[in-house]
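S.K.: pasting the sequence and the predicted coordinates here, then a few questions.
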Amino acid sequence: MDIKKIVEDFQNCVCGKKHTVGIREVVVGSGVTKDAGKILKRNGFGKNLLLVADENTLRAAEGLVNALLAEGFTLSQKIYENLRVADMREVEKTERLLQNADGVIAVGTGSVHDTCRMASARQKKLLCLFPTAASMDGFASYNAPLTDHNFKITYAAKTPEVIIADTKVLVNAPDELKSAGFGDMVGKYVALIDWQVSNLVSGEYYCPKVAELTRNATDKIMSIADQILSKEESAAKEVFEALLLTGIGMAFTQNSRPASGTEHILSHFWECIELSHHHLSDFHGKKVGVATLLIMDEYEKMVQKEKITAHKEVVDWDEVYRHYGDLADEVRKLNTPDTITDSIAPETIEKNWPKIREIVKSVPSRKEIYDAMKLAGCVTDCSEIGVSEFLKNEGLRYHPYMRRRVSLMRLKNMID
Ligand SMILES: [Zn+2]
Ligand SMILES: [Zn+2]
């Protein structure tokens with residue numbers, strides 16, 4: 001993948017923002033693990049390298065350690081048994097290990113990558129991601145979603161300098177993770193709706209070109225839904241590159257808007273509540289896929305109305321905080337002294353309603369997304385991700401308050 005070419009295409013963008021990305025090189029291909037040492041060397045990685053992985057991902061990355069040693073790297077290693085939650089405590093531990101290293105290679109997916117992304121950003125060290133499954137889209141992203149005392153926050157961190165993706169490794173990832181990657185991708189349709197709606201009613205920054213990048217990548221994945229579980233490396237490559245592109249979109253805007261909407265917040269709500277009850281949540285992409293179907297259902301119902309009247313948002317904050325339990329303080333911080341909807345005039349929503357309807361109808365329908373998810377082997381129901389009927393409804397009702405962000409879901413409270 002020619003990252004320089006992609007960045008060039010985004011120069012002098014219509015949105016007025018300068019789009020840059022800190023990624024120096026992306027190598028996607030069959031058997032590229034053996035070149036890892038050379039790739040890191042030519043991208044300026046110093047001799048002392050910290051390798052972070054878990055037992056499964058290290059096994060999947062067969063040949064990687066030898067490839068690094070062969071090029072003269074000295075490795076220190078941090079191998080987890082199975083790291084499922086990216087938590088601030090792990091970031092701090094990784095930071096301490098990084099003090100004696102020139103850079104880090106993170107072998108795995110979400111949790112391993114996110115802790116290393118944050119730790120290397122804080123320690124100003126080089127970062128290489130070595131994904132072992134195309135299970136989510138955050139690889140090229142600038143952000144690290146992390147839990148801190150069970151509350152999930154998306155922190156600004158950094159993009160990796162290098163990404164090495166061996167399609168031989170990706171194709172052998174468990175089916176569950178491949179389907180999860182698909183679930184994460186379909187969420188982009190909701191993300192694109194929310195971003196455009198927010199731009200309309202609150203004037204939030206929006207880049208049509210980045211949105212188009214995400215849209216094309218998502219459409220591409222939808223079109224190969226039946227190949228997601230394929231054993232062909234060519235399919236694994238296409239899926240990985242599409243996931244990577246949406247991450248590059250996030251790097252271009254330096255926020256998660258292009259690829260993460262209210263469906264991600266709903267998924268984070270479930271995760272936080274489960275964590276606060278000491279339950280380990282299911283894979284990110286599985287939850288996001290299920291949340292996407294629920295939100296699309298809500299949005300389709302909303303836009304059935306040709307005309308609406310709107311009013312200022314009325315929130316019983318005590319009730320909201322009650323439903324957040326131990327996390328109430330964090331949510332309170334995000335909504336005091338003012339909340340994100342304060343500056344939105346009800347008339348703006350009324351006036352823009354025809355446009356909002358068009359925006360919702362511009363993406364594939366819930367039914368089309370559902371059918372594609374079935375083809376891709378995704379789970380589609382809360383019962384399959386351990387989310388009870390009660391938690392599902394709590395999430396649908398209260399999730400928008402845990403972010404300072406406008407979404408169509410949040411505006412629902414302002415529409416009669
Ligand atoms: Zn732009
Ligand atoms: Zn995601």
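M.R.: In hand now; what should we look at? Ligands and ions are numbered 1, 2, ... in the order given.

S.K.: quick one, helices of the stretch 251-400 of the chain?
M.R.: Using DSSP state H, counting those that start in this stretch, the helices assigned to the stretch 251-400 of the chain run over residues 262-276, 284-302, 317-324, 328-335, 346-361, 366-375, 389-398.

S.K.: between those, which one is closest to residue 116.
M.R.: The closest of these to residue 116 is helix 284-302. By Cβ to Cβ, the value is 16.3 Å. C-beta here means a position set from N, CA and C on the backbone, and glycine is covered the same way.

S.K.: just to revisit the earlier point, closest to ligand 1 out of the helices of the stretch 251-400 of the chain?
M.R.: Set against ligand 1 and scored by Cβ to the ion, those come closest in helix 346-361, at 18.4 Å.

S.K.: quick one: average pLDDT of that closest one?
M.R.: Regarding helix 346-361, the rounded mean pLDDT is 98.

S.K.: give the buried residues for that helix.
M.R.: Neighbour-count burial for helix 346-361, counted by 16 or more other Cβ atoms under 10 Å, picks out 346, 348-350, 352-353, 356-357, 359-360.

S.K.: now render the helices of the stretch 251-400 of the chain as TSV, adding distance to ligand 1.
M.R.: Formatted as TSV, the helices of the stretch 251-400 of the chain follow (distance: least, Cβ to the ion, whole Å):
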stretch	distance to ligand 1
helix 262-276	22
helix 284-302	25
helix 317-324	35
helix 328-335	27
helix 346-361	18
helix 366-375	26
helix 389-398	32
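
S.K.: and the protein, which residues reach ligand 1?
M.R.: 13, 15, 207, 209 (Cβ under 5 Å from the ion).

S.K.: measure the last one to residue 308 for me?
M.R.: Residue 209 sits at a distance of 30 Å from residue 308 (criterion: Cβ to Cβ, to the nearest Å).

S.K.: just the third one next, same as before
M.R.: Look at residue 207 and residue 308: by Cβ to Cβ, they are 28 Å apart.

S.K.: the more surrounded of those two?
M.R.: Shown here are residue 207 and residue 308; by other Cβ atoms under 10 Å, residue 207 has more neighbours (22 against 17).

S.K.: check the nearest residue to residue 110 once chain neighbours are set aside and give its pLDDT.
M.R.: Once flanking residues are discounted, residue 110 sits nearest to residue 136: 5.2 Å by Cβ to Cβ, 6 or more residues apart in numbering. On the pLDDT scale, residue 136 is placed at 88.

S.K.: quick check: domain ranges of this structure?
M.R.: Domain assignment for the chain, taken from automatic domain parsing, gives 3-173, 177-204+257-414.

S.K.: quick check: end-to-end length of stretch 334-345?
M.R.: Distance across stretch 334-345, first residue to last, is 20 Å (Cα to Cα, to the nearest Å).

S.K.: who's in contact with it?
M.R.: Stretch 334-345 has contacts (Cβ atoms under 8 Å, 6 or more residues apart in numbering) with 201-202, 312-313, 315, 317, 401-406, 410-411, 413-414.

S.K.: excluding its backbone neighbours, what's nearest the closest residue to ligand 1 within the stretch 201-350 of the chain?
M.R.: In the stretch 201-350 of the chain, the residue that lies nearest ligand 1 is residue 207 (3.3 Å; Cβ to the ion). Nearest non-adjacent residue to residue 207, counting by Cβ to Cβ, 6+ apart: residue 15, 3.8 Å away.

S.K.: what do you get for residue 80?
M.R.: Per Cβ to Cβ, 6+ apart, closest to residue 80 is residue 54, 4.1 Å.

S.K.: next, give phi and psi for the closest residue to residue 330 other than its chain neighbours.
M.R.: In this structure, residue 330 finds its nearest non-sequential neighbour in residue 151, 4.5 Å apart by Cβ to Cβ, 6+ apart. In terms of degrees, to the nearest 10, the main-chain angles of residue 151 are phi -100, psi 130.

S.K.: now distance to residue 224 too, for the domains of the chain, in JSON lines please.
M.R.: JSON lines is the format used below for the domains of the chain (distance: least, Cβ to Cβ, whole Å):
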{"stretch": "domain 3-173", "distance to residue 224": "12"}
{"stretch": "domain 177-204+257-414", "distance to residue 224": "9"}
